[in-house]
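In: Everything below, folded, please.
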Amino acid sequence: MPTPSLEQARRLLALAQTGLHYATSPFDTERYEEIAQIAQAQLAELASTDSATVAQLFSFESGYANPKLDVRCAVFNDAGQILLVRETVDGLWSLPGGWADVGVSPADNAAKEVREESGYTVDIVRLLAVWDINKHAHPPSVFHIWKLVFLGRIVRAGEVIGAETSDVAFYDLDALPALSEGRILPEQIRRLDALRRSGEIDFD
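Out: Numbering: from 1, shown residues only. Model prediction:
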């Protein structure tokens, strides 16, 4: 969960972004740009990175500030094991998924990510969870993120066609590998298994 300082810095940057979108005078623009620089410096310090990296991350963010949407898919085999992919960026494991793409529905986005990152074609069965990272024990993030997790059913196997993952495997829920906890937590994977069994949907 975010610290008060992290939440304040993210909120300050969101206000600066929204202010820049609606600013009508050079004076307002200058002030909002200064606020954005201050917030980026705070986020960099809290996330143990540098201001230039944070500024680059937000360089394509404009308009009214909104949370970013992370779409993931939980796929289980007949033995009850979960499909995980190894992320090339950090060498850790996660559910297939990523940022939502413009022009693609959430369910189609989840299926696309599974196909690209694991090689499996899946049918999307239903929505399992809508989570706000602020309400879970994820490590600090410069972004405020909402996560949609869908349940996928395997149709067929195939070749990995993306470059974001380096390995694919099914794991027992009591023997999970080192997870990329900014993306998914062990307790969330166990919760997803309970949700697919119960037919419930979890939401924050």
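In: quick one, helices of this protein?
Out: With helices called from DSSP state H, the chain shows them at 4-22, 26-46, 51-57, 106-118, 186-198.
In: out of the ones you listed, deepest packed?
Out: Mean neighbour count (mean count of other CB atoms under 10 Å) peaks for helix 106-118 among the helices of the chain, with a mean of 22. All C-beta spots, glycine's among them, are computed from the backbone N, C-alpha and C.
In: thinking again about what came up before, lowest-confidence stretch among the helices of the chain?
Out: Among these, helix 51-57 carries the lowest mean pLDDT, at a mean of 65.
In: that older thread, include distance to residue 164 when you put the helices of the chain into JSON lines, please.
Out: What follows is these, written out as JSON lines (distance: least, CB to CB, whole Å):
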{"stretch": "helix 4-22", "distance to residue 164": "25"}
{"stretch": "helix 26-46", "distance to residue 164": "24"}
{"stretch": "helix 51-57", "distance to residue 164": "17"}
{"stretch": "helix 106-118", "distance to residue 164": "6"}
{"stretch": "helix 186-198", "distance to residue 164": "19"}
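In: Of the ones you listed, give the one that comes closest to residue 175.
Out: Evaluated over the helices of the chain, closeness to residue 175 peaks at helix 186-198, with 10.8 Å, by CB to CB.
In: Quick one: list the elements packing against that closest one.
Out: Packing partners of helix 186-198 (3 or more CB pairs under 8 Å, 6 or more residues apart in numbering; DSSP states H and E): strand 68-75, strand 82-87, strand 121-132, strand 145-156.
In: who's the residue most central in space within the chain bridged to?
Out: Nearest to the geometric centre of the chain sits residue 70, at 3.6 Å (CA atoms, centre = their mean). On the basis of DSSP bridges, residue 70 is bridged to residue 99, residue 147.
In: still on that earlier bit, among the helices of the chain, which comes closest to residue 168?
Out: Closest of the helices of the chain to residue 168 is helix 106-118, at 4.6 Å (criterion: CB to CB).
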